[in-house]
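[1] Just a sequence and a predicted model for now, questions to come.
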Amino acid sequence: MNNLEMVIDKIIDYLRENIDTIFRMPPDKVVEQVMEGIRAYEPLSKIYIRSNWSSIKPYLTRPALVMEIIKSKDPKLYSKMMEHVDWINEFFLLLYRSVKRYMST
């Protein structure tokens, strides 16, 4: 299992445990929390993102790729998430912008 797969599995585990809380929050607030977590590991987070950008970017810019992975690993979680497609699309757009801004500093 490569690093990206491990990260994806950790995200799926987090989603399973917190899905109801996450979707009660506005997408921008969840993005803020994600970015706080990323900043907590600086400078390693910047190094990791830069060195893996070509693998990370497609997932940030095409939420359908993420949803396909979730569907294959946990169809029940996928079904719950598909009830919030607009929220998910907004989240990924805001997250992509935030990560790009973070990487430019």
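    It's in.

[2] And the pLDDT for residue 1?
    According to the prediction, residue 1 has pLDDT 58.

[3] can you check the one 5 residues further on too?
    Residue 6 is assigned 81 on the pLDDT scale.

[4] Pull out the buried residues from the strand or helix carrying it.
    For residue 6, the host element (DSSP states H and E) is helix 3-24. Across helix 3-24, burial judged by 16 or more other C-beta atoms under 10 Å covers 8, 12, 15, 22-23. For glycine as for every other residue, the C-beta is placed from the backbone atoms N, C-alpha and C.

[5] what's downstream of it, the next helix or strand?
    Taking DSSP H and E, what comes next after helix 3-24 is helix 27-39.

[6] Can you spell out which helices and strands pack onto that following helix?
    Contacts defined by 3 or more C-beta pairs under 8 Å, 6 or more residues apart in numbering; DSSP states H and E place helix 27-39 against helix 44-51, helix 85-103.

[7] Show me which residues of that helix are buried.
    By 16+ other C-beta under 10 Å, the buried positions in helix 27-39 come out as 27, 30-31, 34-35, 38.

[8] that older thread, any idea which of the buried residues of helix 3-24 is closest to residue 73?
    Nearest to residue 73 among these is residue 12, at 5.8 Å by C-beta to C-beta.
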